[in-house]
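Trainee: I'd like to go over a predicted model; first the sequence, then the structure.
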Amino acid sequence: MTHTQTDRRLISLDAFRGFTIAAMIIVNTPGSWDHVFAPLLHASWHGFTPTDAVFPFFIFAMGISLTLSYGRLKEKGAQTKQVLVKTAKRAILIFLIGVLLGLFPEFNLSEVRIPGVLQRIAIVFFFCALLFWYTTWKQQAVIAGLLLLGYWLAMIYIPVPGLGAGVLEPGRNLAAWIDSLVIPGKMWQGTWDPEGILSTIPAIATGISGLLVGHILANPRNTSERKLNWMYLAGLASFLAGSAWGWGFPINKNLWTSSYVLYTSGLATMLFATLFFVIEILGIRNWAKPGVVFGSNAITAYVIGGILPSLLYAVNDWYVQTIVDTSDHPEWPSLGWAIFICLMCYLPVYLLYRKKIFIKI
């Protein structure tokens, strides 16, 4: 579904979302996985790299968008049934696109992977939309806290057959055990999946963190300076809490641990606050145009980024053999390929932006 955007958009939010999508494309499409700079790889297990921030940053931005867009629906007196139907349809569509993207280009149904990035986005979107529609910001904050505490208690204290309680090793933990019993088809790492069932629960809390920042932005009593102060304060508090919790429940993107949620939500809030200050308060925005373009059609850009590498497989193979593998510093041309893919994704979304067409998947 496409529409021409008439409502004023929050430029800093589009920029935040867009730069996040650009980063997501770059870290997903190196020329060769054998030659990648360490910060552009996920942490092998416990720990954190800049790449580990990309996915939760997008979910965080989605939470802000939900508060602003659904808040306008409430103001216009939208019927609950219509909103719920629209929300369910959108969530199902994003989920199915994620499954199809995973099957591309062979479409071998025996290799179908049910979990995935877009699938997790769809689930988090659906539940966060319901929470926004039916609860207050205080209730949302309490629910996020309960989700994080409940996930921590489950992962640490519920015993897994053959392993016992509190095991957090790859493929050997409660989340992986549940996935192995419930998820049909193929899992990303064979015995476990980073976008599995149980770890999607704390991901909803990541979405709620965006909802809460959205409430700060949407409050008409808050001046721009007050919004900025609240975001920096909340972001710092979340970051410090996540860092401290990480001593007992390690920061881990694959498990989407509770400490990881607070840590990344805090980082996201402070980074977004900085963009809000520069773009909305100071009015310095020309530099952010590429991010705004990407952010205006973020899911579309991500889908193109998922399809292009398969279409350009032969070119990539030639590039790796003749340029990457023969280079004295192969990480640089490998990164160059990822930037090339990102620019190729930028072209179609830029054309859409110029025509003021925003694809609302």
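Mentor: On my side now, so go ahead. Numbering: from 1, shown residues only.

Trainee: Just give the closest residue to L93, not the sequence neighbours.
Mentor: I361 (6.0 Å; CB to CB, 6 or more residues apart in numbering). Glycine gets a C-beta too; all of them are placed from N, C-alpha and C.

Trainee: Would you check that that neighbour makes contact with T300?
Mentor: Yes. The criterion here is CB atoms under 8 Å, and I361 meets it with T300 at 7.1 Å.

Trainee: follow-up on the earlier one: now the residue nearest to L93: how far from I281?
Mentor: Distance of I361 to I281, given as CB to CB, to the nearest Å: 31 Å.

Trainee: Please enumerate the helices of the protein.
Mentor: 11-28, 54-75, 80-103, 117-134, 137-157, 174-182, 200-218, 224-245, 258-275, 289-296, 298-311, 313-319, 331-354 (DSSP state H).

Trainee: So for F55, what's the nearest residue that isn't a sequence neighbour?
Mentor: V117 (6.7 Å).

Trainee: Tell me how far the closest residue to A298 other than its chain neighbours lies from F127.
Mentor: Spatial nearest neighbour of A298, chain neighbours left out: I21 (4.7 Å); criterion: CB to CB, 6+ apart. Going from I21 to F127 by CB to CB gives 22 Å.

Trainee: between the two, who's got more neighbours?
Mentor: I21 (27 against 20; other CB atoms under 10 Å).

Trainee: ok, now which ones touch the more buried one?
Mentor: F58, F294, G295, A298, A301, Y302, G305 (CB atoms under 8 Å, 6 or more residues apart in numbering).

Trainee: Just give the number of residues close to the second one.
Mentor: The local packing of F294 (other CB under 10 Å) involves 29 other residues.

Trainee: got the contact list for it?
Mentor: For F294, the residues meeting the contact criterion (CB under 8 Å, 6+ apart) are R17, G18, F19, I21, A22, A301, C345, Y346, V349.

Trainee: Quick check: closest non-adjacent residue to it.
Mentor: Excluding its sequence neighbours, the residue lying closest to F294 (CB to CB, 6+ apart) is G18, at 3.2 Å.

Trainee: Give me the neighbour count for that neighbour.
Mentor: The burial count for G18: 26, using other CB under 10 Å.

Trainee: Surely it touches V292?
Mentor: Yes. Under the criterion of CB under 8 Å, G18 makes contact with V292 at 5.8 Å.

Trainee: what sits in contact with each of the two?
Mentor: Common contacts of G18 and V292 (CB under 8 Å, 6+ apart): none found.

Trainee: Next, give phi and psi for S32.
Mentor: phi -140, psi 130 (degrees, to the nearest 10).

Trainee: Could you report the distance from it to W337?
Mentor: The gap separating S32 from W337 is 8 Å, by CB to CB.

Trainee: residues shared between the contacts of these two?
Mentor: Contact criterion CB under 8 Å, 6+ apart; residues shared by S32 and W337: V320, V324.

Trainee: If I follow the layout properly, E225 ends up in contact with E280?
Mentor: No. Assessed by CB under 8 Å, E225 is found out of contact with E280, at 10.9 Å.

Trainee: give me every residue that touches the nearest residue to A38 once chain neighbours are set aside.
Mentor: Once flanking residues are discounted, A38 sits nearest to T49: 6.9 Å by CB to CB, 6+ apart. Listed by CB under 8 Å, 6+ apart, the contact set of T49 reads A38, P39, L40, L41, H42, A43.

Trainee: among those, which ones are buried?
Mentor: L40, H42, A43 (16 or more other CB atoms under 10 Å).

Trainee: Now the contacts of T49 in JSON lines, please, with extra columns for pLDDT and distance to R90.
Mentor: Formatted as JSON lines, the contacts of T49 follow (pLDDT from 0 to 100; distance: CB to CB, whole Å):
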{"residue": "A38", "pLDDT": "96", "distance to R90": "37"}
{"residue": "P39", "pLDDT": "96", "distance to R90": "33"}
{"residue": "L40", "pLDDT": "97", "distance to R90": "31"}
{"residue": "L41", "pLDDT": "97", "distance to R90": "32"}
{"residue": "H42", "pLDDT": "96", "distance to R90": "28"}
{"residue": "A43", "pLDDT": "96", "distance to R90": "32"}
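
Trainee: Contact partners for L13?
Mentor: Applying CB under 8 Å, 6+ apart, the residues near L13 are A61, I64, S65, L68, F272, G295.

Trainee: dump the residue contacts of the second one.
Mentor: The one in question is I64. I64 touches L13, G210, L211, V213, G214, L217, F272, counting by CB under 8 Å, 6+ apart.

Trainee: Can you get me a residue count around the second one?
Mentor: Using other CB under 10 Å as the criterion, G210 is surrounded by 28 other residues.

Trainee: Please verify my assumption that it contacts F57.
Mentor: No. Contact between G210 and F57 fails when scored by CB under 8 Å: they sit 9.5 Å apart.

Trainee: Can you pull the residues that touch both of those two?
Mentor: Among the neighbours of G210, those also in contact with F57 (CB under 8 Å, 6+ apart) are A268.

Trainee: Just the C-alphas of stretch 68-85, formatted as CSV.
Mentor: Extracted C-alpha coordinates of stretch 68-85, given in CSV (Å, rounded to 0.1, in the frame of the first residue of the first chain):
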residue,chain,number,x,y,z
LEU,A,68,3.3,9.2,17.2
SER,A,69,1.2,7.6,14.4
TYR,A,70,-1.3,5.7,16.6
GLY,A,71,-1.5,8.7,18.9
ARG,A,72,-2.8,10.7,15.8
LEU,A,73,-5.3,7.9,15.2
LYS,A,74,-6.6,8.2,18.7
GLU,A,75,-6.9,12.0,18.3
LYS,A,76,-8.9,11.5,15.1
GLY,A,77,-11.3,9.1,16.9
ALA,A,78,-10.3,6.0,14.9
GLN,A,79,-12.4,3.0,15.7
THR,A,80,-10.7,0.3,17.7
LYS,A,81,-11.8,-2.5,15.4
GLN,A,82,-10.4,-0.8,12.3
VAL,A,83,-7.1,-0.1,14.0
LEU,A,84,-6.8,-3.7,15.2
VAL,A,85,-7.6,-5.1,11.8
